[in-house]
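Participant: Quick check, what structure comes out for this input:
(chains A and B)
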Amino acid sequence: MSPLLSAGTPAPDFTLPRGPGETVRLADSRGHPVILAFYPADWSPVCGDELGVFNEVLPEFQRYRAELLGISVDGVWSHKAYKQARKFDFHLLADFEPKGKVSRQYGAYREQDGFSERALFVLDGAGVIRWSYLSPVAVNPGADGILAALEALP
Amino acid sequence: MTARLTPPVTARDHAQGPPEAPVTLVEYGDFECPHCGRAYPMVKAVQRSLGQNLRFVFRNFPLAKSHEHAEHAAEMAEAAGQQGKFWEMHDLLFEHQDALEDENLVAYAASLGIDAAGAAAALVEGTFSARVREDFASGAKSGVNGTPTFFINGARYDGLMHPTALLEALVAAATPE
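Facilitator: Just a heads-up that it's a prediction; the model follows:
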């Protein structure tokens, strides 16, 4: 498997569904930082999990005008129900067809499991990766690395 | 990447146990979170085991979007703290996680001898919301990855939420190499 894309690499552009009939194109987010949070699956069974914490930390991200996008191989209907149930105030993108294509481009796909890694990227306003982090799948990363990376942006 | 407590414990924090204790346990918690409720007796257990060798600090990390009473519960703990009753309120809240409406919070304040009208007004006015937000922001910077998240002598504890496992980690941190 290709390694996780690292700092200094231009982030590969993509267009992914963020809901039924709606898409997000990464290149449309130029001009402000973007946080990409790849994660294994919707519906993880704990309440204070990674995305739940990021959802609460959104105001801290917004101090840097950063936009958070979650990405997994789940389909749009799963994402829609999951986002509603957890009251997420950010978009979940479906890397569903072709499955895992974008995750693979970022080196954030687990071939052996068929889902995305728990991987984080911070992109600057020009769409260049400034920080990336691959977490053990079983350990929820906190927002500390993201906040440090946002703070270090020029 | 090891998540580190940022900023470290200072006099601003609510602490039980001596500052010179060889090990400091910091919890980022949410008074409405069921996992924190389950961790509450675990913390009491390690406090009993370690006595004066442990300093325990609690910082607020209310997951306000999923727990609608968490923010006000945190603010009430801080209101009590200003009257020197933080830990009494902390215990009451964790022992009554199913009754955290504002009227309950005010009743707990009254039961601790705190001016109930003043406590109710503080919730409405958000007198302690900035303090809670400071705790929250420090938790985000420190790498809090759910509630509860514990830090032992400044390093995030990623082990099991079980008294024996936590005690072993605390003892290891307290023991010079």
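
Participant: Excluding chain neighbours, what is closest to residue 75?
Facilitator: In the absence of a named chain, this looks at chain A. Counting by CB to CB, 6 or more residues apart in numbering or on different chains, A:Phe96 is the residue found nearest to A:Gly75 once chain neighbours are left out, at 4.8 Å. C-betas here are computed from N, CA, C, even on glycine.

Participant: Wait, chain B was what I had in mind.
Facilitator: With CB to CB, 6+ apart as the criterion, B:Glu75 has its nearest non-adjacent residue at 4.2 Å, and that residue is B:Phe128.

Participant: one step back: just checking, the residue nearest to A:Gly75 touches A:Ile71?
Facilitator: No - the pair A:Phe96 / A:Ile71 is not scored as a contact, 10.2 Å apart, by CB atoms under 8 Å.

Participant: Neighbour count: these two, which is higher?
Facilitator: Neighbour totals were compared for A:Phe96 and A:Ile71, and A:Ile71 leads with 27 against 18 (other CB atoms under 10 Å in any protein chain shown).

Participant: now that one: how far from A:Tyr133?
Facilitator: According to CB to CB, to the nearest Å, A:Ile71 and A:Tyr133 sit 15 Å apart.

Participant: my read: A:Glu60 touches B:Ser142, true?
Facilitator: No - using CB under 8 Å, A:Glu60 is not in contact with B:Ser142, being 12.0 Å away.

Participant: more crowded one of those two?
Facilitator: Per other CB under 10 Å, whichever of A:Glu60 and B:Ser142 has more neighbours is B:Ser142, with 26 against 20.

Participant: Please list the outside residues in contact with the lengthiest helix in chain A.
Facilitator: Criterion DSSP state H: the longest helix present in chain A is helix A:50-62. Here helix A:50-62 makes contact (CB atoms under 8 Å, 6 or more residues apart in numbering or on different chains) with A:35, A:37, A:39, A:44, A:67-68, A:70, A:86-90, A:118, A:140-143, A:146-147, A:150, B:63-66, B:136-137, B:140, B:144-146.

Participant: again, only this time at 6 Å
Facilitator: A:68, A:70, A:88-89, A:140, A:143, B:63, B:65, B:137, B:140, B:145 (CB atoms under 6 Å, 6 or more residues apart in numbering or on different chains).

Participant: Looking at the residues you listed, which is nearest A:Ala126?
Facilitator: Nearest to A:Ala126 among the contacts of helix A:50-62: A:Leu68, at 18.3 Å, using CB to CB.

Participant: helix or strand right after the helix or strand harbouring the closest one?
Facilitator: According to DSSP states H and E, A:Leu68 maps onto strand A:67-72. Of the helices and strands lying after strand A:67-72 in sequence (DSSP H and E), the nearest is helix A:76-86.

Participant: what packs against that following helix?
Facilitator: Other helices and strands packing on helix A:76-86, by 3 or more CB pairs under 6 Å, 6 or more residues apart in numbering or on different chains; DSSP states H and E, are strand A:15-19, strand A:91-94.

Participant: angle of that helix against strand A:67-72?
Facilitator: Angle of helix A:76-86 versus strand A:67-72, following axes from the mean of the first three to the mean of the last three CA atoms, to 10 degrees, is 120 degrees.
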